[in-house]
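Q: below is the structure, and that's it, no one-letter string:
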């Protein structure tokens, strides 16, 4: 039963990213990973704060990487790709 729920969540997440630009995909992925790492690194009483800070930093970093990839795609394929 747990595997069905996990597969459903992963499918929904993949469908949600279909129309996103590389910058948006990077920001979302970075925020998710950053929030998870921030919650793990924070102390017992500060998990929510750690997740918020980690999510913000991860989102900014992911957006920067995604933007860089998007610029490379535009240089290679041309604008509007």
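A: Thanks, I have it. Please read all numbers here as calculations on a predicted model, not as lab measurements. Numbers count the residues shown, from 1 in each chain.
Q: need the strands for this structure, in chain order.
A: Counting by DSSP state E, the chain has no strands at all.
Q: residue closest to the middle of it?
A: Nearest to the mean C-alpha position of the chain, by CA atoms, centre = their mean, lies residue 29 at 1.2 Å.
Q: remind me which residues of the protein are low pLDDT?
A: For the chain, the stretches flagged by pLDDT under 70 are 1, 17, 79-81.
Q: show me where it has its helices.
A: 2-16, 22-41, 47-77 (DSSP state H).
Q: out of the ones you listed, deepest packed?
A: Ranked by mean neighbour count, the helices of the chain are led by helix 22-41 with a mean of 18 (mean count of other CB atoms under 10 Å). Yep, even glycine has a C-beta here, placed from its N, CA and C like the rest.
Q: tell me what it is packed against?
A: Packing partners of helix 22-41 (3 or more CB pairs under 8 Å, 6 or more residues apart in numbering; DSSP states H and E): helix 47-77.
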